[in-house]
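> Fold the following and give me the result.
(2 chains)
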Amino acid sequence: MRFVFKTSYDQELGLFRDNVQRNWYVALLGALVVLPRLLPDYTSDISLVFIYGLCGLSLMVLAGYTGLVSLGHAAFLGIGAYTHVYLMHDLGLPWIVSVAVACVVTGAVGVVVGLPALRMTGVYLTIATLAFALIIQEVFARWDRVTGGLKGKPVDKPVLFGVSFASDLAFYFLCLAVLIGGLWLTANLLRAPTGRAWVAIRDSEIAAQSMGVNLAVYKTMAFAYSAALMGLAGALFAHKIGFLAPDIFSVLLSIQLLLMVVVGGLGSLHGAMYGAVFVAILPVLISQARDAVPAFVAAALAPLGKDAAHGAFGLVDRFVKQPGLEPGLFGLILVLFILFEPLGIYGRWAKIKLYFSLFPLYKRATFRRQKAYMRSERLR
Amino acid sequence: MTILEADGLAINFGGIAALAGVSFAVEAGEVMTIIGPNGAGKTTIFNLVSRIYEPSRGRLRFCGEDITRVPPHDVARRGIARTFQNIELFEHATVLQNLLLGRHAHKRSRFLEELLFLPRVRALELAHREAAEKVIDFLDLQPYRDSLVVNLPYGVRKVVEMGRALCTEPKLILLDEPSSGLSVEETEDMAFWIQDIRTLLGITVLMVEHDMSLVSAVSDRVVALNYGRLIAVGTPREVQDHPDVVKAYLGA
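Reported below is the predicted structural model:
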C-alpha cells in the first residue's frame, strides 16, 4: 500500500496524484523518446498509435465522460483530414493555421450534429450519428472539387515553420507532442467545472439539471470539443496515410473507434490510451491469425488423414479470408468486453493493481456490481 | 416575508389531474412539510418548483419573481436546491465530486480558461473546494470524502444528496422524503440536520415526508394534500387532527 498524505486542497488539483506518479509519467515519456531508436522499423506504426490515442481521447470525452455514444466519429476524423488537406494544398495555408482551422471547422460540425442530440438519448442518438457518418462519407465521395472524390487526394508530408517533418522519426515526435497536448487540455477540462458537469450528465441528467447544469449547452460543448479533437487527429491521420479516399472513413472505422474506448475502459483517460494500443495491434494479430489458423487446424486434423486435413485447411482458409470477417470480429470483441469486463483494460489493470497492493487480502467481491437502487421512475 | 408562493398550481397527466389548483405560501426561515397519501401530488409540486414539469395552470413566485417559465437549469442559480425521493447522485464519482458539482450554479470560469487551467481557474476551484469542505464538516461526511457513491450505504447517500443541495448555497431547499429508507438513528440525525439547516444556515426548508414523528418534531407548518387538492394547512398538531386529513388517510 502506498499512502498519500493530503495536506492542502491545492495538491488535489494537480495533474498527478503525487511525485511518485509524476516520476512514472516522466519515465514513460523518456521511454517513448528512446523507443524509435530501439524499434526503428516500427516508428511509423507507433505514430499511428498516437493518432489513435487522440481519437480515443475524443470519443472518451463524449462516450466515456458525457455518456453520449457516437457511431459517427470516423466522419469527424474525415472532416478534419479533408479540411486540413484542402486548406494546406489548395489554399496554401501554413500547416499550423490549416490544422487550427480544421479543428474549428470540425468542432463547428460537431455543434451541428450535437444539436439534435439534445432531443435524443441512448440508441437513437447512436443511430443518428451513424446516419450522419454515412451522409458525410457520401459527401466525401461526391464533392470532387474539394475532396478529390473517389479518385482520392494525395497528401504531402507536414512542413512546420519551414522545418520538414517528412521523416518517420520527425513525424513520430510531432504526433507524440500533439497527443500530450491533447491529453493535457482534456485533463484540464476534466478537473474543472466543465468536466464535472459532463460526468453529472452521464450519471443523472435530472440531477445535473437541478444543480444548474444547462444540458443543452454542455452536451453541445462535449460534442464540439470531441469533434475538434477528432479533427486534430484527422489532420495528422491524413499525413500518416498519405492518401485520402472516402472509403477510409467508413462505418467500420467508427466501430473501431468505439471499440477503442470500450475495450480501453469507459470513463478514464488511461483507458483511451490502452484502447489505442489495442486497436493498433489488433489488425496485426488478425492478419497473423489469418495465416496461422488454417495451418493450425490442418495440423490438428492431420491424424485423421491427409484428405481430411487438406479439406479442413481449404474450408478454414476460405472462411478466414472472407472480406466481412473483420467487422464481425470487432463486434464480437466489443460484446465480450461489455459482458465480462465493462470497465475494459483499465478496469482489469485497476483490479490487478489492487490485488497486489492488498495481497493477500484481496476480495473478489470488491468489484462485484451491486444492485442499483431504484431510480426515480416518475421523472421519465 | 413569503419566499415561495404557489398560486392555483395545476397539472394534468393525460386525463388525470395530478394537481388541481393548489395554492400555498412558504415563509422565509420556516420548515414547511407537505404530507398526503400516495399519489396526492407531493413530489409533483417539487417537480413543478424545480421546473422539470410544465404546469397546466397557475403561477410560481420565488422571492417576488415569477419563476413559472424559467428554464430548469436556472432554478439552482436563483437559490432553490432539491433532493430526490430515490436519490439521484452521480454514482461513479466520489462524494467530493458530487458536492463540487453542487457548486455548478456558482461557476465563474470560462471554457477557454479551463482548457488551459489558468491560475484564475485554480483559485476558483480552491474556493469551491472550501465551500464543499464546509458542507462536509456540517454533515460529518469526512470519512466518505473520497469514496465512490456506488460503494456507500443508503443512509450516507441520503446525507450526501442533501450536502450536494446545500453546496449550491440555496435560499430554499426542497427535501423529498429525507427519512425514507433510513434507520431510526439516521432519522434522528436527519431531524437535527433539518433544524440546523434552518437555524444555523438560515435556509428555508420545504419537505415531503411521511414519518409523522419527524414531521411534528421539525416542521413549523404542514400542508396536507389529497388527490391533487389542498385539504389542510396549519401547525403539525392542527393538521393531524383535521377531520379531512384523518379521512384521507383512514378512508371515510
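
> Pretty sure B:P55 sits against B:G8.
No: counting by CB atoms under 8 Å, B:P55 stays clear of B:G8, with 9.1 Å between them. No exception for glycine: its C-beta is placed from N, CA and C like everyone else's.

> In terms of neighbours, single out the busier of these two.
Neighbour count, other CB atoms under 10 Å in any protein chain shown: between B:P55 and B:G8, B:P55 has more, with 21 against 13.

> is it fair to say that one lies in a strand?
No: counting by DSSP: H, G, I helix; E, B strand; the rest coil, B:P55 falls outside a strand, being coil.

> just to revisit the earlier point, name the residues contacting each of B:P55 and B:G8.
The overlap between the contact sets of B:P55 and B:G8 (CB atoms under 8 Å, 6 or more residues apart in numbering or on different chains) is empty.

> Spell out which residues sit in contact with the closest residue to B:L200 other than its chain neighbours, please.
The shortest distance from B:L200 to any non-neighbouring residue, by CB to CB, 6 or more residues apart in numbering or on different chains, is to B:F138 (7.9 Å). For B:F138, the residues meeting the contact criterion (CB under 8 Å, 6+ apart) are B:G163, B:L166, B:D196, B:L200, B:L201.

> Need the max-distance pair from the residues you listed.
Greatest spatial distance in the contacts of B:F138: B:G163 and B:L200, 14.3 Å, computed using CB to CB.

> now the helices for chain B?
Secondary structure of chain B (DSSP state H): helices at B:42-49, B:75-78, B:95-101, B:111-116, B:119-138, B:154-167, B:184-199, B:212-218, B:236-241, B:243-250.

> Could you do the stretch 101-250 of chain A as well?
For the stretch 101-250 of chain A, applying DSSP state H, counting those that start in this stretch gives helices covering A:122-142, A:144-147, A:168-190, A:193-203, A:205-210, A:215-241.

> Out of those, which gets nearest to B:H104?
helix A:193-203 (6.0 Å).

> now that closest one: mean pLDDT?
Average pLDDT, helix A:193-203: 92.

> and what of stretch B:133-145?
93.

> what's the answer for stretch B:42-56, then?
For stretch B:42-56, mean pLDDT is 91.

> same deal with stretch A:272-282?
For stretch A:272-282, mean pLDDT rounds to 90.

> Show me which residues of the stretch 101-250 of chain A are close to chain B?
A:185, A:188-189, A:191-194, A:196-197, A:199-200, A:202-204, A:206-215, A:221 (CB under 8 Å from any CB of the partner chain).

> Pick out the shakiest of the helices of the stretch 101-250 of chain A, pLDDT-wise.
Averaging pLDDT over each of the helices of the stretch 101-250 of chain A puts helix A:144-147 lowest, since it has a mean of 82.

> Quick check: bridge partners of B:R61?
For B:R61, the beta-bridge assignment (DSSP bridges) gives partners B:E5, B:D66.

> From what I see, it and B:L4 are in contact.
Yes: here B:R61 reaches B:L4: they are 7.2 Å apart, a contact under CB under 8 Å.

> Around B:I67, how many other residues sit close by?
By other CB under 10 Å, neighbour count at B:I67 equals 18.

> Which pLDDT does the model give it?
pLDDT, B:I67: 91.

> Equivalent analysis for B:A105, please.
B:A105 is assigned 90 on the pLDDT scale.

> can you tell which of the helices of chain B is closest to B:E27?
Minimum separation from B:E27 across the helices of chain B (CB to CB) falls at helix B:184-199, 11.6 Å.

> which helices and strands does that closest one pack with?
Judged by 3 or more CB pairs under 8 Å, 6 or more residues apart in numbering or on different chains; DSSP states H and E, helix B:184-199 is in contact with strand B:31-35, helix B:154-167, strand B:204-208, helix B:212-218.

> how about 6 Å then?
helix B:212-218 (3 or more CB pairs under 6 Å, 6 or more residues apart in numbering or on different chains; DSSP states H and E).

> Pretty sure A:V4 sits in a strand.
No: counting by three-state DSSP, A:V4 falls outside a strand, being coil.

> What is the burial count for the closest residue to A:R142 other than its chain neighbours?
Counting by CB to CB, 6+ apart, the nearest residue to A:R142 once its immediate chain neighbours are dropped is A:G149, at 6.7 Å. Using other CB under 10 Å, A:G149 has 15 other residues around it.

> repeat for A:V20
Considering only other CB under 10 Å, A:V20 is surrounded by 10 other residues.

> check which helix or strand covers it.
Element membership of A:V20 [criterion: DSSP states H and E] is helix A:19-38.

> in that helix, what counts as buried?
Neighbour counts over helix A:19-38 (16 or more other CB atoms under 10 Å in any protein chain shown) mark A:L32, A:P36 as buried.

> got the angle between that helix and helix A:168-190?
With axes from the mean of the first three to the mean of the last three CA atoms, to 10 degrees defining the directions, helix A:19-38 sits at 160 degrees from helix A:168-190.

> Now do helix A:19-38, average pLDDT.
Averaged across helix A:19-38, pLDDT comes to 91.

> Can you tell me the centre-most residue of chain B?
B:L174 (1.8 Å; CA atoms, centre = their mean).

> how about residue 26, what does it touch?
This is for chain A. Listed by CB atoms under 6 Å, 6 or more residues apart in numbering or on different chains, A:V26 has no contact partners.

> Sorry, I should have been clearer: chain B.
Contacts here follow CB under 6 Å, 6+ apart; on that basis B:V26 touches B:I3, B:L4, B:M32, B:L206.

> what about 7 Å?
Counting by CB atoms under 7 Å, 6 or more residues apart in numbering or on different chains, B:V26 touches B:I3, B:L4, B:M32, B:T204, B:L206.

> Make a markdown table from these and add pLDDT and distance to chain A to it.
Formatted as a markdown table, these follow (pLDDT from 0 to 100; distance: CB to the nearest CB, whole Å):
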| residue | pLDDT | distance to chain A |
| --- | --- | --- |
| B:I3 | 93 | 18 |
| B:L4 | 93 | 16 |
| B:M32 | 94 | 19 |
| B:T204 | 95 | 17 |
| B:L206 | 95 | 14 |
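
> Could you identify which of the residues you listed has the most neighbours?
Most neighbours among the contacts of B:V26, by other CB under 10 Å: B:L206, with 25 neighbours.

> tell me which residues form a beta bridge with that residue?
B:M32, B:L174.

> Hmm, it is touching B:M32, no?
Yes: applying CB atoms under 7 Å as the test, B:L206 and B:M32 come out as touching, 5.2 Å apart.

> Could you report the separation of A:T194 from B:V160?
Distance, A:T194 to B:V160, by CB to CB, to the nearest Å: 22 Å.

> When the two are compared, which one has more neighbours?
Set A:T194 next to B:V160 and count neighbours by other CB under 10 Å: B:V160 wins out with 28 against 23.

> what about the spatially closest residue to the more buried one that is not a sequence neighbour, how many neighbours?
Nearest residue to B:V160 in three dimensions, chain neighbours excluded: B:V95, at 5.3 Å (CB to CB, 6+ apart). Neighbour count for B:V95, taken as other CB under 10 Å: 27.

> Distance check, B:V95 against B:G102.
11 Å.

> quick one: furthest residue from the center of chain A?
Distance-from-mean max, chain A, by CA atoms, centre = their mean: A:G305 at 46.9 Å.

> Tabulate the contacts of B:F138 (CSV), appending neighbour count and pLDDT.
Formatted as CSV, the contacts of B:F138 follow (neighbours: other CB atoms under 10 Å in any protein chain shown; pLDDT from 0 to 100):
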residue, neighbour count, pLDDT
B:G163, 23, 95
B:L166, 24, 95
B:D196, 13, 93
B:L200, 10, 93
B:L201, 15, 93
